[in-house]
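[1] model this:
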Amino acid sequence: MDQRLMKVMLDVDEHHWWYRGRRLIVRTELDRITIPAGARVLDAGCGSGRMLEELVDYGTVSGIELDPDAAAFATSRGRGEVEVGRLEELPWEPATFDLITCLDVIEHTPDDRRTLAELRRVPAGFSALRL
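    Numbers count the residues shown, from 1 in each chain. Here you go, the predicted model:
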């Protein structure tokens, strides 16, 4: 990714009202549900990793991101493992995660059905929080 574009993405991710508001809404909703102690948490399509900084309060976080530069930046935040890859081919075993977020991503994947099937394959127990 072009370094100028990366800087714009990071600035927007941190300061724009949409992303700040989305983080607040997600945290508010997550605080309403029971998440097991020591939960494994996945942010599918983690971008720059900003949401990983919020999700670390709920357990051990992992992310997956298609863009290698964004994934490298997400990794540099030091909040958990970040894989480079496609949501249609998640690198984890079934029943790996207790909580999965996927925010503003599915509509950008080439095969939304395959993406959703993969996202349903990796939870340890299926309960959905729909925002």
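[2] now do the strands in the chain.
    40-44, 60-65, 80-84, 99-101 (DSSP state E).
[3] adjacent strands (with direction) for the last one?
    When you say that, I think you mean strand 99-101. If you go by DSSP bridges, strand 99-101 pairs up with strand 40-44 (parallel).
[4] in CSV, could you pull the C-alpha coordinates for the partner strand?
    Taking C-alpha atoms only, strand 40-44 is exported to CSV below (Å, rounded to 0.1, in the frame of the first residue of the first chain):
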residue,chain,number,x,y,z
ARG,A,40,-10.1,-16.0,21.8
VAL,A,41,-11.3,-13.1,19.7
LEU,A,42,-11.0,-12.6,15.9
ASP,A,43,-11.3,-9.4,14.0
ALA,A,44,-11.9,-10.6,10.4
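[5] residue 97 against residue 40, yeah?
    Yes. Contact criterion CB atoms under 8 Å: residue 97 and residue 40 qualify, at 4.8 Å. From N, CA and C alone the C-beta is placed, and that goes for glycine too.
[6] distance to residue 33 added to the strands of the chain, as TSV?
    TSV is the format used below for the strands of the chain (distance: least, CB to CB, whole Å):
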stretch	distance to residue 33
strand 40-44	13
strand 60-65	17
strand 80-84	20
strand 99-101	9
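[7] got CSV for those strands, with mean neighbour count and mean pLDDT too?
    Below are the strands of the chain laid out as CSV (neighbours: other CB atoms under 10 Å; pLDDT from 0 to 100):
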stretch, mean neighbour count, mean pLDDT
strand 40-44, 25, 98
strand 60-65, 24, 98
strand 80-84, 18, 97
strand 99-101, 22, 97
